[in-house]
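K.L.:
Make a model of this:
(2 chains)
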2 protein chains.
Amino acid sequence: MSYLNKITSPTLLLDRNICEANLIKMKSKADKLGLRLIPHFKTPQSITIGKWAQDLGLDEITVSSIKMAQYMSRMEWWNIHIAFPFNIRETEALNKLSTSVKISIQIVNTESISFLAKNLVNNVSFFIEIDAGYGRTGVRSDDLDSIDSILKIASENPLLNFKGFYIHPGHSYYTSVEDVYMETLIAMKSLKDLYIHRFPGLVIRCGDTPGSSIIHEFGAIDELGPGNFIFYDLMQVQIGSCNREDIAVALAVPIVDINRDTKKILVHGGGVHLSKDFLIESDGIKHYGEVVMLNDSGWILPTTRSFVEKVSQEHGTIHATDELLKQVNVGDLIGILPVHSCMTAGCMRGYLSTEGEWIDHAEGESFNT
Amino acid sequence: MSYLNKITSPTLLLDRNICEANLIKMKSKADKLGLRLIPHFKTPQSITIGKWAQDLGLDEITVSSIKMAQYMSRMEWWNIHIAFPFNIRETEALNKLSTSVKISIQIVNTESISFLAKNLVNNVSFFIEIDAGYGRTGVRSDDLDSIDSILKIASENPLLNFKGFYIHPGHSYYTSVEDVYMETLIAMKSLKDLYIHRFPGLVIRCGDTPGSSIIHEFGAIDELGPGNFIFYDLMQVQIGSCNREDIAVALAVPIVDINRDTKKILVHGGGVHLSKDFLIESDGIKHYGEVVMLNDSGWILPTTRSFVEKVSQEHGTIHATDELLKQVNVGDLIGILPVHSCMTAGCMRGYLSTEGEWIDHAEGESFNT
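P.N.:
Residues are numbered from 1 along each chain as shown, chains lettered A, B, ... in the order given. Predicted coordinates:
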């Protein structure tokens, strides 16, 4: 029986072959360049997909919250890194988790490290997060006073182990990836040169999918921590990180109405399923996802492109090409490639593989039960 | 102990007093105007809040999916209405649910009603959904051929009971609520006049928060089905449906970093918590939520307004006024009034009341366990 027969309501499909190919490709690239790959599991948030990563020899992952670390620690990892400025209100949870799991965290200010220095009960490693220039988070790379203050406070507690610097050049999503990396590499090299003598094991870890996908010269960087590449999405296609054929997830949605005069298809699939992230194509079309045709083994790209032009909470409206209109009826399923797969996965909290298996997600404990 | 001490990570706070006041106010208005109120529970999706509604004498609710109907049917309702164009792939689930619960659905085309006429096993009522003019969904009010075809097919199966017409003037979110209602009332009166003789029990149900909040003359409309008003949000403040003091939910977020030079506060609270819905204020500021100060009994509005100016998956960046900066430290909690409370509640899937009680949400079965 095809996996499609199992679907009655919006369901996030996962093509295992594409997903594993993405993992293999990034691992091969990292190996070839002598870099360690520590994939960010904020995207899949899945034990099953964690096993696929382990099968490729990956032994450490990144997550973005202590809750996600708790979930992923149900399988054994050499280390779990929480790539988010440490939230001191979660110190008790960190103390509990670190009794059984090796954890590293990120520090961006002296307040957090002071609190930890007083309250930690187990060994915990930390990175200092460096502001990649777009001001979201981190210490500026030229703010050596702050870096030295953090290191000094940490040095007073032997439970705190400095691992190095972490940078997320997230503005590579908005500007030229190459330009962003040129700046990033210069800043990170200068930091490495400054601190490597005091900390001979120091590493520079860099986490973003556009850079990890596009760049081939990583200079002072030792480790890559991208996440989105595990699934990719239309935003990454637009940036140039991948092709549409590399997107490993598609939202299957039931068609509930078709207006052949206005060429609109109404589907059960809206903001609570896809998220409200949108893209603007080069021709000015704003959309929330792109239509693919589902078949027994997965999905295929139609020759003409149709987009989800509107979403509300549960509704999605597709502006359909004639090619698409000819192929669909009320009650059919079609697929939507997501604009931002991390958000869509976070909304859907579980996957159906195109082989018909249910696949877990951290937030979907009650999924399919 | 204050409810605040329970919070270590992003948590959706619910002020029961505000929420109940919103329910009471809308119920009183409906009573005064001789209208039935059938609140839309897509917003709270909660059994606990369902009980508050029942305590006010409300005996029917609206939901937007069969899954939500299944959840809300754990408590007894006179009827549960699924306000979404019926998805024929869920006919089996409908047949199962309707063995124990009175259900009504919405029909927008002949394909769906034909399928149901062949496959229903229990009594089910239906509304014909009328396109309110913005083309999202429904039959045009002047498309009497389609309406008559649907009614004819339905009449051939005694299990199908026609209840009336449903309209969601959702474009009242974007244009003048008064203008939208003027059109809506004219269209619905004409439909009522046309069909009331064949269907003497026919009702006109209208579901949107702006109209239900602002309008005082409902003409041919018999029943109101708004949902967002149970919580309200900043979008509704902008439309004029409510004041900021009427918003019943706020996302409590931990502060993880403060940059006093750039006046930025970094919080754990991003798109996966608030959703990516944004507002543009009259002065051009685009934001994802507004800061409130939390205290032991709930929250208060500061005298100067600070907004969440950026969100990524887990991060939120607040551009803070001097007033706010003076009051906060790393590790503190602050509150964020959501732009769109239905989406935020859907992301968070559970509530902590300001009295310290955990409150359920349909999607959060594993919440707090």
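K.L.:
hmm, which helix or strand of chain A has the shakiest average pLDDT?
P.N.:
Ranked by mean pLDDT, DSSP states H and E, the weakest helix or strand in chain A is helix A:177-195, scoring a mean of 90.
K.L.:
which other helices and strands contact the helix or strand following it?
P.N.:
Per DSSP states H and E, the first helix or strand lying C-terminal to helix A:177-195 is strand A:203-206. Using 3 or more CB pairs under 8 Å, 6 or more residues apart in numbering or on different chains; DSSP states H and E, the elements in contact with strand A:203-206 are strand A:160-167, helix A:177-195, strand A:223-224. In this view, the C-beta of every residue, glycine as well, is placed from N, C-alpha and C.
K.L.:
Turn those into JSON lines, columns for mean neighbour count and distance to A:G284.
P.N.:
Converted to JSON lines, the helices and strands packed on strand A:203-206 look like this (neighbours: other CB atoms under 10 Å in any protein chain shown; distance: least, CB to CB, whole Å):
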{"stretch": "strand A:160-167", "mean neighbour count": "22", "distance to A:G284": "34"}
{"stretch": "helix A:177-195", "mean neighbour count": "18", "distance to A:G284": "23"}
{"stretch": "strand A:223-224", "mean neighbour count": "25", "distance to A:G284": "34"}
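K.L.:
Compare these and report which one is nearest to A:Y71.
P.N.:
Among those, strand A:160-167 comes nearest to A:Y71, with 21.4 Å by CB to CB.
K.L.:
Check the average confidence over the closest one, would you?
P.N.:
Model confidence over strand A:160-167, given as mean pLDDT, is 97.
K.L.:
Parallel or antiparallel, which strands does that strand pair with?
P.N.:
Counting by DSSP bridges, the strands paired with strand A:160-167 are strand A:124-130 (parallel), strand A:203-206 (parallel).
K.L.:
Which of those strands sits closest to A:I24?
P.N.:
Of all the strands paired with strand A:160-167, strand A:203-206 sits nearest to A:I24, with 20.3 Å by CB to CB.
K.L.:
How about the very next helix or strand once past the closest one and chain B, any contact?
P.N.:
The helix or strand immediately downstream of strand A:203-206 is helix A:209-214, counting by DSSP H and E. No: Helix A:209-214 does not reach chain B (CB under 8 Å from any CB of the partner chain); its nearest approach is 12.3 Å.
K.L.:
For helix A:209-214, what does the pLDDT average out to?
P.N.:
94.
K.L.:
Which residues does that helix contact?
P.N.:
A:26, A:29, A:169, A:172-173, A:177-178, A:180-181, A:184, A:206, A:224, A:226-229, A:232, A:236, A:239-242 (CB atoms under 8 Å, 6 or more residues apart in numbering or on different chains).
K.L.:
which of those residues count as buried?
P.N.:
Buried members of those, counted by 16 or more other CB atoms under 10 Å in any protein chain shown: A:26, A:29, A:169, A:172-173, A:177, A:180-181, A:184, A:206, A:224, A:226-229, A:232, A:236, A:239, A:241-242.
K.L.:
contacting residues for A:E314?
P.N.:
A:E314 is in contact with A:268-270, A:272-273, B:42, B:64-65, B:84, counting by CB under 8 Å, 6+ apart.
K.L.:
which of these sit farthest apart?
P.N.:
Pairwise distances across these peak at 15.0 Å for A:G269 and B:K42 (criterion: CB to CB).
K.L.:
So which of these two has more stuff around it?
P.N.:
Using other CB atoms under 10 Å in any protein chain shown as the criterion, A:G269 and B:K42 rank with A:G269 on top: 29 against 25.
K.L.:
Find the nearest non-adjacent residue to the more buried one, please.
P.N.:
Nearest residue to A:G269 in three dimensions, chain neighbours excluded: A:V253, at 3.4 Å (CB to CB, 6 or more residues apart in numbering or on different chains).
K.L.:
so that neighbour makes contact with A:G316?
P.N.:
Yes: using CB atoms under 8 Å, A:V253 is in contact with A:G316, at 6.5 Å.
K.L.:
shared neighbours, these two?
P.N.:
A:267-269, A:273, A:336.
K.L.:
need those residues in a markdown table with pLDDT, can you?
P.N.:
Shown next, in a markdown table, are the shared contacts of A:V253 and A:G316 (pLDDT from 0 to 100):
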| residue | pLDDT |
| --- | --- |
| A:V267 | 98 |
| A:H268 | 97 |
| A:G269 | 97 |
| A:H273 | 96 |
| A:I336 | 98 |
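K.L.:
Drop anything exposed from those.
P.N.:
So, by 16+ other CB under 10 Å, the buried ones in the shared contacts of A:V253 and A:G316 are A:267-269, A:273, A:336.
K.L.:
residues in the stretch 201-350 of chain A within reach of chain B, list them.
P.N.:
Checking the stretch 201-350 of chain A against chain B by CB under 8 Å from any CB, the hits are A:254, A:256-258, A:262, A:264, A:266, A:268, A:271-272, A:275-277, A:310, A:312-315, A:317, A:329-331, A:333, A:342-343, A:346-347.
K.L.:
Take those and keep only those in helices.
P.N.:
Cross-referencing these against helices under DSSP state H gives A:271-272, A:342-343, A:346-347.
K.L.:
could I get those residues as JSON lines with neighbour count and pLDDT?
P.N.:
JSON lines is the format used below for those (neighbours: other CB atoms under 10 Å in any protein chain shown; pLDDT from 0 to 100):
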{"residue": "A:G271", "neighbour count": "24", "pLDDT": "94"}
{"residue": "A:V272", "neighbour count": "24", "pLDDT": "93"}
{"residue": "A:C342", "neighbour count": "28", "pLDDT": "96"}
{"residue": "A:M343", "neighbour count": "25", "pLDDT": "95"}
{"residue": "A:G346", "neighbour count": "23", "pLDDT": "94"}
{"residue": "A:C347", "neighbour count": "25", "pLDDT": "95"}
